[in-house]
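1. Sequence unavailable; structure follows:
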């Protein structure tokens, strides 16, 4: 549950029975400087982290903590976030009542709604602030309320990881995803712990790493006690990994397993449902997988049927799978259909500003380049080029 280097250092120093002055003397730093590190007023240097790790004999824990991504919130901003919810910098927050919990969940739902249709760069700051606040309240409340807050903090951290993935920041995406897993295990919640592996498998999928995709998706299914939705989404991701590896039979078997698990889903729970918000995420993923298997005509048909069901407000899903459909058409030689589909997708793609969508758009641009003299390609090429140069 420790979230900063300073908190981690303090915990291990106290466990070793050392005062701050004693540790400072051992590592040849001033007590005042070490105090600033423990209170997160200064970031640790790699040299200091190594000295503290060796002095406290904690096996690399502090060295690793010093290298992970740092929150963009300063200490004063974190304190302000706490104060806004009734906490002074030196006191305990009061136990939140249901209206406070409902308000924080409503704030998260609003951010998730924005995440369907705008740039992830607009969301990572507010998400981190909300997550730090909820996590802080979880640390300061015990019993069922503390556990409930900890689960909620894990859910926000998981979504923050996805927004970093969409922003193209894989180091922060991995850190927030793994942080969500740590929090969920501490709260006794196997769903988010399992889904963290699904999210990491998604990163491997976009790296074109079928073995990594399959391995991480299987870990999500083996972690134990996860609900049907998480297991279904894990089997779905595993199927995509098998498709990327070219193994159609095993991919179809995994999709069938996912479909059976989806039938047992109960969407009620203490936090918003994990995973994609599309009406039928399995069929959309199946269309994607068919393209990876080289069955592009079938892929385009499946994706087209499913995209018709995705609401206009879900710009992120429409951009991702619309781009995949346009790519499937292009790979099957249906250049006019590819350009027509792309024309209807560009506006959504521009609004959501997704790194994962741009990965597919770049492949689409290379594919359409083989028909650079085709009239429809010449017409759409300038808009596609401008979108790819957006960031």
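-> That came in fine, so what should we check first? No experiment lies behind these values; they were computed from the predicted model shown. Numbering: from 1, shown residues only.
2. check contacts around the spatially most central residue of the chain.
-> Geometric centre of the chain, nearest residue: residue 162, 2.1 Å, by Cα atoms, centre = their mean. Residues in contact with residue 162 (Cβ atoms under 8 Å, 6 or more residues apart in numbering) are 173, 177, 199. For the C-beta atoms, the positions are set from N, CA and C on the backbone; glycine is no exception.
3. check which helix or strand covers it.
-> helix 143-166 (DSSP states H and E).
4. after that helix comes which helix or strand?
-> Defined by DSSP H and E, the subsequent element after helix 143-166 is helix 170-186.
5. Packing partners of that following helix?
-> Counting contacts by 3 or more Cβ pairs under 8 Å, 6 or more residues apart in numbering; DSSP states H and E, helix 170-186 is packed against helix 143-166, helix 190-206.
6. With distance to residue 347 and mean pLDDT as added columns, please give these in CSV.
-> Below are the helices and strands packed on helix 170-186 laid out as CSV (distance: least, Cβ to Cβ, whole Å; pLDDT from 0 to 100):
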stretch, distance to residue 347, mean pLDDT
helix 143-166, 17, 90
helix 190-206, 23, 88
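7. Switch those over to a markdown table; also include distance to residue 290.
-> Output for the helices and strands packed on helix 170-186, formatted as a markdown table (distance: least, Cβ to Cβ, whole Å):
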| stretch | distance to residue 290 |
| --- | --- |
| helix 143-166 | 23 |
| helix 190-206 | 15 |
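8. between those, which one is nearest to residue 183?
-> helix 143-166 (3.7 Å; Cβ to Cβ).
9. Figure out how far the closest one is from the centre of its chain.
-> 11 Å (Cα atoms, centre = their mean, to the nearest Å).
10. mind listing what's buried in that helix?
-> 146-166 (16 or more other Cβ atoms under 10 Å).
11. got it, and stretch 38-49?
-> Buried, per 16+ other Cβ under 10 Å, within stretch 38-49: 38, 40, 42, 44, 48-49.
12. what does it contact?
-> 4-7, 9-10, 13, 20, 27, 29, 33, 36-37, 52, 62-63, 65-67, 70, 75.
13. for residue 52, what are its contacts?
-> Contacts of residue 52 (Cβ under 8 Å, 6+ apart): 9, 12-13, 23, 27, 44, 62.
14. Most neighbours among those, which one?
-> residue 9 (28 neighbours; other Cβ atoms under 10 Å).
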